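[1] my questions are about this predicted structure, shown below with the sequence.
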Amino acid sequence: MKKVISSEKLPIKLWLEDIEDGALEQVKNLANLPFAYKWISIMPDSHQGYGMPIGGVLATKGVIIPNAVGVDIGCGMCAIKTSLINIDIPTLKIIMGEIRKQIPVGFNKHEEKQDFYLMPLLEKVESEDEAQDELFCQYEIVSKEFQNALHSLGTLGGGNHFIEIQKGSDGYIWVMIHSGSRNLGKQIADHYNKLAIKLNEKWFSEVPKKWELAFLPIYSDEGQLYLKEMQYAIDFAFANRKLMINRIKAIFRDFCPAITFSAIENGKDMHNGMINIAHNYARMENHFGENVLIHRKGATLATQNTIGIIPGSQGTKSYIVKGKGNPESFMSCSHGAGRKMSRSLAEKELNLEEEIKKLDDKGILHTIRGVKDLDEAIGAYKPIEVVMANQEDLIEILVELEPLAVIKG
C-alpha cells in the first residue's frame, strides 16, 4: 500500500502514488456512502470510470450498486499454456489469420447462432424454444437478449479486449484472452442502473444523483433480480471465453496435432485446464468477521493462492500471479496496467510512428495501423512494471509473458 487518505467518512487505501483528480473525486464519493464498509481499496491500475473508478474495490452492507460492477459484467481474463516452446513468424501469421476468421471482433457477431446448450444453465435443454422458455421464466433481460446472445457467444468485443499469443518465462507458448459478456452484460447493467436511479429518487436517497452510484437493497425484489441476472452475465462471459479458447486450441492442433494444453491450478500444471478470472462483478464474502457485498470493478480476486492473470498493454508483459490474501485490499489486486490517458486524448497526443516503432522493435505482430488505433497503444497505458511493483504485497508473480502477436477488438 502506498498511502491512506483519511479526510472522508471512511479511509481510502491506495496502491498507487498518484491518482487523477476525476478518479479521486469518485473514490471520495465511495468513502462517504452510508452503507460502505471499513474502507475503500484502490488498485495500482486505477483510473476514472462511471460512478466508481476502474481498479476499485468497494464493500457494502445491505445494498448493491450496478455502476460499481460496470456495464461489461463478468469481463475477465483466461489463459492456457501450450506444450510448444517455440513458434515461427510465418506459422504465427497463419494462426492469427485463422483466429480472425473464426472469432468476430469489435461489434461483429457470428452470422449463425451458436449452439444454445453452450449458454449457462441450458446444458440439459433439447431445443431452442425450450431454452427460451427456461430463461423467460427466470430472467427479464437475459430472456430478451437470448437470441442476440446466441450470435455473440464466442466473440471478442471491442475496446481493450484482445487475443494474444505469448512466450512465457517458463519457456512455453501461451494463449491469453480478455473479453466479457458482450451486449448482454451492458443491457443488464443499463436496465438495473436506470431502475436504481428511479427507486432512489422515489426514496429520497441521501446519495446524490450526480455521484452515479444509485443502489438497490440486496433483499428487495429488484436487488435479487439484478444479482441473478448479473450472475448469468458472469457465467455467459466465462462461456464466451471458453468457446474462443476451444476454437483457438483447434486451430493450433491443425498445425501441431500432438500439441497439449494445460493451466496452473493451486501451483500445479493441470492438463487441459484453463485459468479464468473475472474482474467486473459483485459477490458476498466474509471480511473481518462480517458478510459484506464486495464490488470489484476492474479488480481481480487475490485470495491466498488464487491463480490470477494481470495483462499489460498491447506490446508489454502480462503476468500469471498467485494471490497473497491481503485483507487490506479485501483480498484483491489490479486487473491490468490501467489507462493513463483517455481514448480521445491518446488519439490526439500520441505519435503514431513512435507507437508503431515500439511494437515493431520488439518484433510483435500488432494491430496499430492508424490514429484511431492509438487508444490501445503502449503510450495510452501506465507502465505495467510500476503497477506490479506497487502491489507486491498483494500478489506473487509466477510466470512473465512476452507478447508475440495480438488481435485487438
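    It's in. Worth saying up front: this structure is predicted, and the values here are computed from it rather than measured. Numbering: from 1, shown residues only.
[2] any weak-confidence spans in the chain?
    Filtered on pLDDT under 70, the chain yields the residue ranges 267-268.
[3] let's see 50
    Residue ranges of the chain with pLDDT under 50: none are present.
[4] give me the most central residue, it.
    G76 (3.1 Å; C-alpha atoms, centre = their mean).
[5] distance check, it against K362.
    With distances taken as C-beta to C-beta, to the nearest Å, G76 is found 26 Å from K362. Glycine gets a C-beta too; all of them are placed from N, C-alpha and C.
[6] count of neighbours near the closest residue to the residue nearest to the centre of the chain other than its chain neighbours?
    Nearest residue to G76 in three dimensions, chain neighbours excluded: A278, at 3.5 Å (C-beta to C-beta, 6 or more residues apart in numbering). Counted with other C-beta atoms under 10 Å, residues neighbouring A278 total 24.
[7] just to check, A278 is in contact with G74?
    Yes. Contact criterion C-beta atoms under 8 Å: A278 and G74 qualify, at 5.2 Å.
[8] and the strands in the stretch 101-250 of the chain?
    162-168, 173-179, 216-217 (DSSP state E, counting those that start in this stretch).
[9] let me see the contact set for the residue nearest to G76.
    Taking C-beta atoms under 8 Å, 6 or more residues apart in numbering, we find A278 in contact with 74-76, 234, 237-238, 296.
[10] picking that back up, is the residue nearest to the centre of the chain bridged to anything, and to what?
    Using DSSP bridges, the bridge partners assigned to G76 are S179, A278.
[11] again with L216
    Counting by DSSP bridges, L216 forms beta bridges with I64.
[12] what about it, neighbour count?
    L216, neighbours per other C-beta under 10 Å, totals 23.
[13] show me the contacts for it.
    63-66, 192, 195-196, 199, 222-223, 226.
[14] quick one: it from V69, how far?
    L216 is 11 Å from V69, by C-beta to C-beta.
[15] next one: C78
    19 Å.
[16] the two: which is more packed in?
    Per other C-beta under 10 Å, whichever of C78 and V69 has more neighbours is V69, with 28 against 23.
[17] phi, psi for that one please.
    With angles defined as degrees, to the nearest 10, V69 sits at phi -100, psi -40.
[18] tell me the SS of L84?
    coil (DSSP: H, G, I helix; E, B strand; the rest coil).
[19] residue contacts, the closest residue to it other than its chain neighbours?
    Nearest residue to L84, sequence neighbours excluded (C-beta to C-beta, 6+ apart): I173, at 4.2 Å. Residues near I173 by C-beta under 8 Å, 6+ apart: 81-82, 84-87, 165-167, 404.
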